[in-house]
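Colleague: Sharing a model prediction with you, sequence too.
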Amino acid sequence: MKANCWIRPNHLEVQEVPEPKILNSRDAIVRITTTAICGSDLHLLDGYVPAMRKGDILGHEFMGEVVELGPGVKNLKVGDRVVVPFPIACGACNACVNEMYSLCENSNPHAGFAEKLLGYPTSGVFGYSHLTGGFAGGQAEYARVPFADVGPLKIENDDLSDEKVLFLSDILPTGYMGAEMCDIKPGDVIAIWGAGPVGQFAAASAFLLGAERVIVIDRFPYRLKMAAENTGAETINYEEITNVREALKQMTGGRGPDACIDAVGLEAHHHSLPIYTYDKAKQFARNESDRPYALRQAILACRNGGTVSVVGVYGGFIDKFPMGAVMNRSLTIKSGQCHVHRYMKPLLERIEKGELDPTFIITHRMSLDETPKGYDIFKHKQDECMKVVLSPN
Amino acid sequence: MSPDSDLQRPDHGVAADEPADARGTNGSASADGGAQLQETDGSGGKGEAASQPKGVAGQASSGPELKAADRGGPASWIQAPPGMARSGDAISMADRRLARRLGWFSLGLGIPQVLMPGRINKLAGLDNTFFKRQLMRVVGLREIGAGVGILSSQPKPAEWLGARVAGDVMDLAMLQAALGNPMNRKGRLLFATANVIAVTALDVAEARKHSQALKDSGEELSLKGRTSITVNRPPEEVYRYWHDFQNLPRFMFHLEAVEPRGDGRYHWVARAPLGQKVEWDAEVVEDVPNELIAWRATEDADVPNSGSVRFVPAPGGRGTEVIVEIDYQLPGGAIGDTIARLFGEEPEQQIKDDLRRFKQVVETGEVVRSEGSPEGSYALNQIRWRPAQPLP
């Protein structure tokens, strides 16, 4: 079959690879009908996530049709149409029982390695380095899905197109969890750093959860325009208004936003060239692994006693973390890789009821063969790219 | 086997005291694994405290697992000669690693010395004549020899560390002589000398530690390990699964089989590199239903070894804390080396992985496999991960 393989930093190839086989009794093999490139895949492309191997198949947002089942899967049958959540979760450990699926204690065969870097290991993830288990990803024609009796969400309504439900695999629940962690109360003002797909969904979710106003911060006018038009958010372009914190103060009567969401992560950009170069150089020298501008600013901008919700991906260590602000101003930081399984069903219901239509972010549709080109367009934000959706056939 | 509080395990009892002591000193010195291991131990310690009121304490004299001194120490694997009282002489994982790094350092220095002696001469402040280049090449060959020697004689590189010290002395003498020659650059020579002195200090310290341990051990070393994991199942179920020793090879990858012999003893077969096998008989020496199982190789075993596992209800209804201790006393010679290789350079990782697979089997029914690690989590395989794509 064809699959998008990581060769080395900034080099991907669509290669011919063997078709997946059942390795565990609770596996399913899924013929992929639609898959996508995630912003977090760019961290792999750029080489910021450790433990990649030449030939790793990427991709963790995919859906398709069940074509084969291990003997341990009783709730699915061949032919079922399923969306696959990106964390792999066993459903039996303490983390899964407490619905912390991305912390599953059993699904990461490389837990010993992850433990060394992170203190404790996290769950397995499709196509996301050997740190999360070395599972083949979903930018391919077929994928093996472990614990298929726990993860995949069956889509029974044939009227729902792939594009409407695909993002239940990652970015829609991730954006939603980002908003949910803000513990929104009526009248709250939420500020969101990053108007990429997760930022867009976080803005839409914040309104669904009762936010009074949402302010999105980015530097690409087309992304800010999309957020304003599709979610009703206000926007700040930090290349035009460089003092974002002051702007947020003015927009909130001097209080600051009640909660701030970091939907950017470890490869943030900074408008000041010296500061950007400083962190980029430290990152290059492996003195810090992540560039945390968005996070630093979100913490400093948040109102006293407010919440900072981090759904942007971080890999290791950061510098100049404003802990003084966190401690002295009674801030709460909430974070996590999304516990996707928790949100799939309720969000599917919202899509079915028409409360959410996630398709507005799709700007590019390509075939699997064009995946490396898709990464390139997405990474460099060419052609007003927001989301690339791929079809293997 | 029924629980027997009068069990005589004098050798084990003694060994348990001293390594516990050794852990205190060596554990804190093992810089690399220290932090994470101590965290593991924090929960293990709590478990033990909780288990004490259950009356197991009455048997404490026979087992290493309930010693008070054991409770605080990091759960680090150490190589300590059995029955040895001086804890400081044991070679900790940190020292083994340091010795290995010195070996790599030798290689890293020696190869450029052989390939580009002119440049190294310049760097060290020496004049660049034909003779000096040849001399630098000879020094390089010596470094490579020491490096290869240290790395290939693991885990007992004492002699080769000694060779490094001899080399350092030779280098210092040559630098001293070079300082008298006005053709050379004094500043660089002094800097080079300072560096060699620093490395010499490190070499001397390491060589002394390793040779002392070798002397005291009479060539015998012991691999001891202790770690714990929480399994989300009641103690009865977890105990029952472990109690069937034939299940052990399902999650302990160094074992090929554990078969009952019919007389209450079990025949253990461990897989070794190059298709070799190590076999022994073991008996259960303590068995407290749902709480504790301890086993020990019979006296005629080539590799004396013992182990225990305790099952403690985890607080908050989170299942069972499983606390495992394993002790292999390695004889000198081929068998000892084989077992040492079996556990690799990071034995603590291996036993942790054994427990992770145990948890997977009990909670999910089988060992979890990925395309990168189709055989399941296996610390020794970290450098050999396959790419994350389907197997051919």
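Modeller: Now that the structure is in, tell me what you want to look at.
Colleague: Please make it C-alpha for all contacts and neighbour counts, starting now.
Modeller: OK.
Colleague: close enough to count as contact, B:L330 and B:S306?
Modeller: No: judged on C-alpha atoms under 8 Å, B:L330 makes no contact with B:S306 at a distance of 11.9 Å.
Colleague: Name the residue in the two with the higher neighbour count.
Modeller: Neighbours were counted for B:L330 and for B:S306 using other C-alpha atoms under 10 Å in any protein chain shown; B:L330 has more, 26 against 21.
Colleague: For that one, which non-adjacent residue is spatially closest?
Modeller: Once flanking residues are discounted, B:L330 sits nearest to B:G336: 4.6 Å by C-alpha to C-alpha, 6 or more residues apart in numbering or on different chains.
Colleague: Show the average pLDDT along the biggest helix by length in chain B.
Modeller: Criterion DSSP state H: the longest helix present in chain B is helix B:186-217. Across helix B:186-217, pLDDT averages out at 78.
Colleague: That one packs against which elements?
Modeller: strand B:91-92, helix B:93-115, helix B:117-124, helix B:158-179 (3 or more C-alpha pairs under 8 Å, 6 or more residues apart in numbering or on different chains; DSSP states H and E).
Colleague: Make JSON lines from the ones you listed and add mean pLDDT and distance to B:G147 to it.
Modeller: Output for the helices and strands packed on helix B:186-217, formatted as JSON lines (pLDDT from 0 to 100; distance: least, C-alpha to C-alpha, whole Å):
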{"stretch": "strand B:91-92", "mean pLDDT": "66", "distance to B:G147": "19"}
{"stretch": "helix B:93-115", "mean pLDDT": "82", "distance to B:G147": "4"}
{"stretch": "helix B:117-124", "mean pLDDT": "82", "distance to B:G147": "18"}
{"stretch": "helix B:158-179", "mean pLDDT": "80", "distance to B:G147": "8"}
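Colleague: can you tell me which of these comes nearest to A:M366?
Modeller: Across these, A:M366 has its closest neighbour in helix B:93-115 (48.6 Å, C-alpha to C-alpha).
Colleague: angle of that closest one against helix B:186-217?
Modeller: Helix B:93-115 and helix B:186-217 are oriented at 140 degrees to each other (axes from the mean of the first three to the mean of the last three C-alpha atoms, to 10 degrees).
Colleague: Send me stretch A:42-49 as CSV with only the CA atoms.
Modeller: Coordinates of each C-alpha in stretch A:42-49 appear next as CSV, following Å, rounded to 0.1, in the frame of the first residue of the first chain:
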residue,chain,number,x,y,z
LEU,A,42,4.7,19.9,11.4
HIS,A,43,6.7,19.5,14.7
LEU,A,44,7.6,16.0,13.4
LEU,A,45,8.4,17.3,9.9
ASP,A,46,10.7,20.0,11.4
GLY,A,47,12.5,17.5,13.6
TYR,A,48,11.5,18.9,17.0
VAL,A,49,10.0,15.7,18.4
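Colleague: Phi and psi next, for the residue in the stretch 151-300 of chain B positioned nearest to chain A.
Modeller: Using C-alpha to the nearest C-alpha, the closest approach of the stretch 151-300 of chain B to chain A is made by B:N232 at 5.8 Å. Torsion angles at B:N232 (phi, psi; degrees, to the nearest 10) stand at phi -80, psi 60.
Colleague: distance of it from B:E291?
Modeller: 16 Å (C-alpha to C-alpha, to the nearest Å).
Colleague: what do you get for A:L118?
Modeller: 32 Å.
Colleague: Which residue of the two possesses the greater neighbour count?
Modeller: B:E291 (19 against 14).
Colleague: who's in contact with the more buried one?
Modeller: B:235, B:239, B:310-312 (C-alpha atoms under 8 Å, 6 or more residues apart in numbering or on different chains).
Colleague: Please repeat the previous calculation with a cut-off of 7 Å.
Modeller: B:310-312 (C-alpha atoms under 7 Å, 6 or more residues apart in numbering or on different chains).
Colleague: Name the nearest residue to A:C96, ignoring sequence neighbours.
Modeller: A:C104 (5.7 Å).
Colleague: Need phi/psi at the one you found.
Modeller: Torsion angles, degrees, to the nearest 10, at A:C104: phi -50, psi 130.
Colleague: separation between it and chain B?
Modeller: Going from A:C104 to chain B by C-alpha to the nearest C-alpha, to the nearest Å gives 11 Å.
Colleague: Let me know whether that residue touches A:A89 as I believe.
Modeller: Yes: A:C104 is within contact range of A:A89, at 5.3 Å (criterion: C-alpha atoms under 7 Å).
Colleague: between these two, what contacts are shared?
Modeller: A:96, A:123.
Colleague: Who has more neighbours out of the two?
Modeller: A:A89 (32 against 26).
Colleague: was I right about that one contacting A:Y101?
Modeller: Yes: with contact defined as C-alpha under 7 Å, A:A89 reaches A:Y101; the gap is 5.6 Å.
Colleague: could the helices and strands packed on helix B:186-217 go into JSON lines alongside distance to chain A?
Modeller: Shown next, in JSON lines, are these (distance: least, C-alpha to the nearest C-alpha, whole Å):
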{"stretch": "strand B:91-92", "distance to chain A": "19"}
{"stretch": "helix B:93-115", "distance to chain A": "16"}
{"stretch": "helix B:117-124", "distance to chain A": "24"}
{"stretch": "helix B:158-179", "distance to chain A": "29"}
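Colleague: How is chain B divided into domains?
Modeller: B:10-82+B:220-365, B:92-217 (automatic domain parsing).
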